[in-house]
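S.K.: quick one: sequence plus predicted model below, questions after.
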Amino acid sequence: VDLSLEPHPAPHPRQGAVDMIAFMPLSEDRCEAIEAELASCDALAWQFGESLGSHGVPVLMYGSRARRSLLETRRCTSFFASVKQDSPRESRASIPCDFGPGPPVPQRMGLSIVGSMPYVTNFNIQVGGGASLADCRSVASRVRSEFGVQVMALPHAEGIYEIGCNLQAANGKDSPATSAVLQAVEDGLPSHAWVSRSYVVGLTPADALSRATVGDERVRGESEE
């Protein structure tokens, strides 16, 4: 990917050809219950960030060692401005990169953000039945208040809005179950509206662990034959 040849404004926020890499424990437990796992992920992230930077890629780190979150790190780049018509197309950073060159940032590759955080389950809920964007934003606010997660409501297709949720554990709370979030959305919608579809983008921690276990057993079985 050559970012200098990509459309501007971007159809989705970006600041790098390899935009973001996250190291996350496969757990939905609250942060204090997985401190060792989070520390291991942070160490791996810094090793990877250094390696990526050694190949000439500008890298900004986030997480406990960097003392800034993913959101705070993205605010130090052109990530959010990349979707605006009147913004410069160049990928840029307002703070020094932790590894690799920049700023200024090589425009062909942009810059990569690398770090660690609790697992994020991307859960999307599509709403139909004549609900308005205001209705869905009201429900999103309710979900945000009840569960303390990142959530937004956006137009999806004609007559359909999508409520996108980043379900994540934090200090003092586990990651909320998708079923609980779905119920909260259904309860908050007007009587004429309904959920037409709900789905997870990628894998939940349980799904990822299940696949890893199956893959490990398959490898062991092949090595024993």
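M.R.: Looks like it came in fine. Residues are numbered from 1 along each chain as shown.
S.K.: run the chain-centre distance for stretch 201-208.
M.R.: A distance of 13 Å separates the centroid of the chain from that of stretch 201-208, by C-alpha atoms, centre = their mean, to the nearest Å.
S.K.: buried sites along it?
M.R.: For stretch 201-208, a neighbour-count test (16 or more other C-beta atoms under 10 Å) marks Leu203, Thr204, Pro205 as buried. For glycine as for every other residue, the C-beta is placed from the backbone atoms N, C-alpha and C.
S.K.: how about the second one, nearest residue that isn't a chain neighbour?
M.R.: Spelled out, it's Thr204. Nearest residue to Thr204, sequence neighbours excluded (C-beta to C-beta, 6 or more residues apart in numbering): Thr121, at 5.3 Å.
S.K.: go on, His12?
M.R.: By the measure of C-beta to C-beta, 6+ apart, the closest residue to His12 outside its immediate chain neighbours is Val83, 7.2 Å from it.
S.K.: then Cys136?
M.R.: Of all residues not flanking Cys136 in the chain, Ala153 sits nearest, at 3.7 Å (C-beta to C-beta, 6+ apart).
S.K.: which residues sit in contact with the one you found?
M.R.: Ala153 is in contact with Leu133, Cys136, Arg137, Val139, Ala140, Tyr161, Glu162, Ile163, Gly164, counting by C-beta atoms under 8 Å, 6 or more residues apart in numbering.
S.K.: again, 7 Å this time
M.R.: Residues near Ala153 by C-beta atoms under 7 Å, 6 or more residues apart in numbering: Leu133, Cys136, Arg137, Ala140, Tyr161, Ile163.
S.K.: just give me the neighbour total for the fourth one.
M.R.: Neighbour count of Ala140, defined by other C-beta atoms under 10 Å: 22.
S.K.: next secondary structure element downstream of the host helix or strand of it?
M.R.: Taking DSSP states H and E as the definition, Ala140 sits inside helix 133-147. Following helix 133-147 in sequence order, the next helix or strand is strand 150-157 (DSSP H and E).
S.K.: show me what counts as buried in that next one.
M.R.: Val151, Ala153, His156.
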